[in-house]
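Undergrad: Here is my input, please return the structure:
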Amino acid sequence: MAKSNTLHIRIEPNVKEKAEATLKELGLSITDAINVFLNQVILQDGIPFEIRKPRYNKETIQAMEDTKNRKNLSKAFDNVEEMFKELEK
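TA: Numbers count the residues shown, from 1 in each chain. Got it, this is the predicted structure:
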C-alpha cells in the first residue's frame, strides 16, 4: 500500500536529535521508526512496550552518574574491604 498520509507531531528538539542519531546507527529514519511503532501497536493491540514511571529520582540518577564517572566522590577505594574500614572510622 502506498504511503499517502502525513503525520505532524511536535517534539523537543534535543529528543529529536538524540533519536535521529540512535536510529541512524540502526539504519532507520524517524519515519521508518514511527511506521515500525505503529505497526507494532496494531499487531500487539496496544503499546508495544511497558510504560511506567522512572525507577529512580533525579538525585539518585545523578549520584549513579557521578559514581560511574568518579566525580564528587570523597575517596575512591580499590576494594570493598578498604571501603568498610574507612566507614568504621
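Undergrad: Pass me the low-pLDDT residue ranges in this structure, would you?
TA: 1, 71-74 (pLDDT under 70).
Undergrad: domain assignment for it?
TA: Here the domain assignment for the chain is 13-44, 58-88, based on automatic domain parsing.
Undergrad: Out of these, which is closest to residue 7?
TA: domain 13-44 (7.1 Å; C-beta to C-beta). In short, each C-beta sits where N, CA and C put it, glycine included.
Undergrad: That closest one: how far from the chain's middle?
TA: 14 Å (C-alpha atoms, centre = their mean, to the nearest Å).
Undergrad: what about that domain, start to end distance?
TA: One end of domain 13-44 sits 29 Å from the other (C-alpha to C-alpha, to the nearest Å).
Undergrad: for that domain, which positions count as buried?
TA: For domain 13-44, burial by neighbour count (16 or more other C-beta atoms under 10 Å) applies to 23, 28.
Undergrad: got the domains of the chain as TSV, with distance to residue 50 columns?
TA: Output for the domains of the chain, formatted as TSV (distance: least, C-beta to C-beta, whole Å):
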stretch	distance to residue 50
domain 13-44	12
domain 58-88	19
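Undergrad: Out of the ones you listed, flag the one nearest residue 52.
TA: So among the domains of the chain, domain 58-88 is nearest, using C-beta to C-beta, at 15.5 Å.
Undergrad: what's the first-to-last distance across the closest one?
TA: OK, domain 58-88 end separation, C-alpha to C-alpha: 29 Å.
Undergrad: Name the surrounding residues that touch the longest helix along the chain.
TA: In the chain, taking DSSP state H as the definition, the longest helix is helix 30-44. Helix 30-44 is contacted from outside by 7, 16, 19-20, 23, 28, 47-48, using C-beta atoms under 8 Å, 6 or more residues apart in numbering.
Undergrad: change it to 6 Å
TA: With C-beta atoms under 6 Å, 6 or more residues apart in numbering as the test, helix 30-44 has contacts from 23, 48.
Undergrad: for the domains of the chain, which one sits closest to residue 2?
TA: domain 13-44 (13.0 Å).
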